[in-house]
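[1] Provided below are the primary sequence and the corresponding predicted coordinates.
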Amino acid sequence: AQTVTQSQPEMSVQEAETVTLSCTYDTSESDYYLFWYKQPPSRQMILVIRQEAYKQQNATENRFSVNFQKAAKSFSLKISDSQLGDAAMYFCAYRSSLIIQGAQKLVFGQGTRLTINP
Amino acid sequence: DTGVSQDPRHKITKRGQNVTFRCDPISEHNRLYWYRQTLGQGPEFLTYFQNEAQLEKSRLLSDRFSAERPKGSFSTLEIQRTEQGDSAMYLCASRQGDVQPQHFGDGTRLSIL
């Protein structure tokens, strides 16, 4: 079974600075998807960025980028120019690319609570 | 708003009562998921539907839990004889096809007195 580990329960950063959230995962599969989701307090979980494992190029979405190290099974999220609205729980998640029963669910890490200091 | 809709947002009930939650996915999405999230933790998978067929159930889904998606549109999650340990946020997500990511609803927060 796949597992996802986020070793930083909490992180804080000054507004406008850069912060990196860590995520490692364990799988025996060669093709899969990785995601970062953001969950603001009492609000909906929103997809921030995703990475297909077969793509070597790291995904980027505006101020958000990832460092995907497939051999090391590492998938970190970098937030540049942090803004107050970035404060939230961030979850790293894994999904198999296999189209079979049992492979469709997201496996989440424990989450990292990000605080932005003004 | 055409996002995933969940009802109710909050449910408070006494231990031993039955509760039912509803999820309306994004209209063209054929895949629907239920997750449970306890305080300070990441969501854990409960069950998955493709159209009206329930294709996977987690070990977390005890025999007190049942989920349906009768016409391949909305879904319901029922918990019978609720216990203190059932207190959690119940999240619904949907997606279309094999490649697209899951879109989440706001969740239903269940509190057991």
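    Received the coordinates, thanks.

[2] on contacts alone, who are the packing partners of the helix or strand of chain B with the lowest mean pLDDT?
    Least confident helix or strand of chain B, by mean pLDDT, DSSP states H and E, is strand B:53-57 with a mean of 91. Under the contact definition 3 or more Cβ pairs under 8 Å, 6 or more residues apart in numbering or on different chains; DSSP states H and E, strand B:53-57 sits against strand B:44-50. For the C-beta atoms, the positions are set from N, CA and C on the backbone; glycine is no exception.

[3] So for the strand it packs on, what gets flagged as buried?
    Within strand B:44-50, the residues that count as buried by 16 or more other Cβ atoms under 10 Å in any protein chain shown are B:44-49.

[4] Stretch B:96-107 now?
    Residues of stretch B:96-107 classed as buried under the neighbour-count rule (16+ other Cβ under 10 Å) are B:101-107.

[5] related to what we said a few turns ago, partner strands of the least confident helix or strand of chain B and their direction?
    Applying DSSP bridges to the sheet, strand B:53-57 is found paired with strand B:44-50 (antiparallel).

[6] Off-centre distance for the strand it pairs with?
    Mean-position distance between strand B:44-50 and its chain equals 8 Å (Cα atoms, centre = their mean, to the nearest Å).

[7] Widest-spaced pair of the buried residues of strand B:44-50?
    Within the buried residues of strand B:44-50, B:Glu44 and B:Phe49 form the most distant pair, 17.0 Å apart (Cβ to Cβ).

[8] still on that earlier bit, so for the next helix or strand after the least confident helix or strand of chain B, what's the average pLDDT?
    Using DSSP states H and E, the helix or strand that directly follows strand B:53-57 along the chain is strand B:65-68. Strand B:65-68 shows a mean pLDDT of 96.
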